[in-house]
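Chemist: Sequence and predicted structure, then a few things I'm wondering about:
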Amino acid sequence: MDNYFEYLHTVGFEETNIVGNVYYVNYLRWQGRCREMFLKDRAPEVLADLQDDLKLFTLKVDCEFFAEITAFDELSIRMRLIELAQTQIQFGFDYVRLDPHGETLIARGGQRVACMRGPNTRTVPARVPQPLIRALEPYQLAAARV
């Protein structure tokens, strides 16, 4: 079994500029989408908790580019767990172009997320929920637990 959660995506015209290159913001959107699909597929209990008072705040996001992609490129966005702390999670993302000749790593990114609870005006840090910890275990990449 691979140690990443995979979200498959086909690049559309609306995600490119006039020259045909993908806008930077889309790489960040794909990270968020991959994380959402992970929750839907692997940790649905956490979705119910998000409807209650759990909040997942994105603290930091980054992306480093290695190659260009254009409309109709087929991508695999692969999410791994980098670090799991008491109240925060660090994810890593590989953006891989899929084609008949193989795979090409086109970008690598990451994001740090904090778990918070409470009403919007008074949120406080909260422990990462157990269902989320269990769901993340198979996707650990040298993850350190604090």
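Modeler: Structure's in. What do you need?
Chemist: what's near enough to touch the closest residue to residue 126 other than its chain neighbours?
Modeler: Leaving aside its sequence neighbours, residue 126 sits nearest to residue 117 (C-beta to C-beta, 6 or more residues apart in numbering; 4.0 Å). No exception for glycine: its C-beta is placed from N, CA and C like everyone else's. Neighbouring residues of residue 117 by C-beta atoms under 8 Å, 6 or more residues apart in numbering: 53, 54, 55, 123, 124, 126.
Chemist: What separation do you get for residue 117 and residue 45?
Modeler: In this view, residue 117 and residue 45 are 15 Å apart by C-beta to C-beta, to the nearest Å.
Chemist: Then residue 34?
Modeler: 19 Å.
Chemist: Could you do residue 94 as well?
Modeler: Residue 94 is 27 Å from residue 45, by C-beta to C-beta.
Chemist: neighbour count winner among the two?
Modeler: Comparing residue 94 with residue 45 by other C-beta atoms under 10 Å, the one with more neighbours is residue 94, at 17 against 14.
Chemist: Look up the closest residue to that one, ignoring the ones flanking it.
Modeler: residue 78 (4.4 Å).
Chemist: Please name the spatially closest residue to residue 40 (chain neighbours excluded).
Modeler: residue 47 (6.6 Å).
Chemist: Kindly state the pLDDT recorded for the one you found?
Modeler: Note on residue 47: pLDDT of 93.
Chemist: got it, and residue 143?
Modeler: Here the pLDDT value assigned to residue 143 is 43.
Chemist: Please apply the same query to residue 119.
Modeler: 86.
Chemist: What of residue 19?
Modeler: At residue 19, pLDDT is 86.
Chemist: Could you do residue 6 as well?
Modeler: Note for residue 6: predicted pLDDT of 98.
Chemist: Same check on the one 3 residues further on?
Modeler: Note for residue 9: predicted pLDDT of 98.
Chemist: what's the least confident helix or strand in the chain, going by average pLDDT?
Modeler: strand 140-145 (a mean of 58; mean pLDDT, DSSP states H and E).
Chemist: low-scoring pLDDT stretches of this protein, where are they?
Modeler: 1, 142-146 (pLDDT under 70).
Chemist: Quick one: distance of the longest strand anywhere in the chain to the chain centre.
Modeler: Ranked by number of residues, the top strand in the chain under DSSP state E is strand 102-117. Here strand 102-117 is found 5 Å from its chain centre; the criterion is C-alpha atoms, centre = their mean, to the nearest Å.
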